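Dropping a prediction and its sequence here:
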Amino acid sequence: MSYLLFALEMYSIEMLLETGKKKYSVYLVLISFGLLTFHSSVWLAHYIFYAPYILEIILNKIKINNIIEKTGRFELVQRNKETIKLLFITIGISLFTGLCTPLKLSPFTYMFKVIGGYSSEIILELQKQTIGTTTELIYVIVIVFGLLSITKTKIKLTDMCLIIGLIIMSKLAVRNMYIALMVFPYPIARLITNLINTYDKKEIFDKMHSI
């Protein structure tokens, strides 16, 4: 259930920022409460998905977006002020849901206790892994960094931060790999869409054929 909630969270964040509709804010708060109910040990992890968008807002605020875009590889999206305000209100309310349980402050510390404790030595899904032993991560790295290195395709900075964050998460615990696999399709699909929009079909075929 928690994996499905993470996928729905990613979708809701994207739709909230794209449309500014309050219903997606409600969905995100409900998702936060759902994670507390079904799998509180991963509740804090869902804030990681907010991080790339917060970084994007900060970079736009401090006016270095032009420097980033001059690299020719990254895109920064300008967000509506009301949408940004709604996003931060949503994050604040979601944090408050962590207090609305009989567990008191446990939801804020449980994830760190589980990952850093003896549980990681006993429970398979909490054991650490390496990129070299994870085929799925190798595929993601090859696809993303391969397309960026051999084509003129751009990627949203939020997507790049999300991909890097998910790769790091996946190394920390096996279960995080499954969370990442639910979310990876979002940034990768956008990257492939950018590729198609950058080149026509013949150019894409010629580029792939020359590899």
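Yes, it's here.

residue boundaries of the strands in the chain?
Counting by DSSP state E, residue ranges of the strands within the chain are 74-75, 155-156.

Any idea which of those strands has the lowest pLDDT on average?
Mean pLDDT values for those show the minimum at strand 74-75, a mean of 76.

which residues touch the residue lying closest to Thr83 once chain neighbours are set aside?
Using CB to CB, 6 or more residues apart in numbering and skipping residues adjacent in sequence, the residue nearest Thr83 is Gly20, 4.3 Å away. Glycine gets a C-beta too; all of them are placed from N, C-alpha and C. Taking CB atoms under 8 Å, 6 or more residues apart in numbering, we find Gly20 in contact with Asn80, Glu82, Thr83, Leu86.

Can I get the buried part of these as one PyMOL selection?
Of the contacts of Gly20, the buried ones go into a single PyMOL selection, burial set by 16 or more other CB atoms under 10 Å:
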select buried, resi 86
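
Closest one of the contacts of Gly20 to Ile167?
Lowest distance from Ile167 to those (CB to CB) belongs to Thr83, with 28.0 Å.

The closest one touches Met15, doesn't it?
No. Under the criterion of CB atoms under 8 Å, Thr83 makes no contact with Met15, lying 10.9 Å away.

Farthest-apart pair in the contacts of Gly20, please.
Asn80 and Leu86 (9.1 Å).

And the helices in the protein?
2-19, 22-38, 51-61, 65-69, 81-97, 106-116, 119-122, 135-150, 157-172, 174-183, 185-198, 201-209 (DSSP state H).

mind putting these in TSV, mean pLDDT included?
Output for those, formatted as TSV (pLDDT from 0 to 100):
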stretch	mean pLDDT
helix 2-19	85
helix 22-38	87
helix 51-61	84
helix 65-69	64
helix 81-97	88
helix 106-116	62
helix 119-122	53
helix 135-150	78
helix 157-172	80
helix 174-183	76
helix 185-198	81
helix 201-209	56
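
can you redo the strands of the chain as JSON lines with mean neighbour count and distance to Val142?
Shown next, in JSON lines, are these (neighbours: other CB atoms under 10 Å; distance: least, CB to CB, whole Å):
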{"stretch": "strand 74-75", "mean neighbour count": "18", "distance to Val142": "20"}
{"stretch": "strand 155-156", "mean neighbour count": "19", "distance to Val142": "15"}
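
Give me the neighbour count for the residue nearest to Leu181 when sequence neighbours are not counted.
Spatial nearest neighbour of Leu181, excluding adjacent residues (CB to CB, 6+ apart): Glu136 at 6.2 Å. Using other CB atoms under 10 Å, Glu136 is surrounded by 14 other residues.
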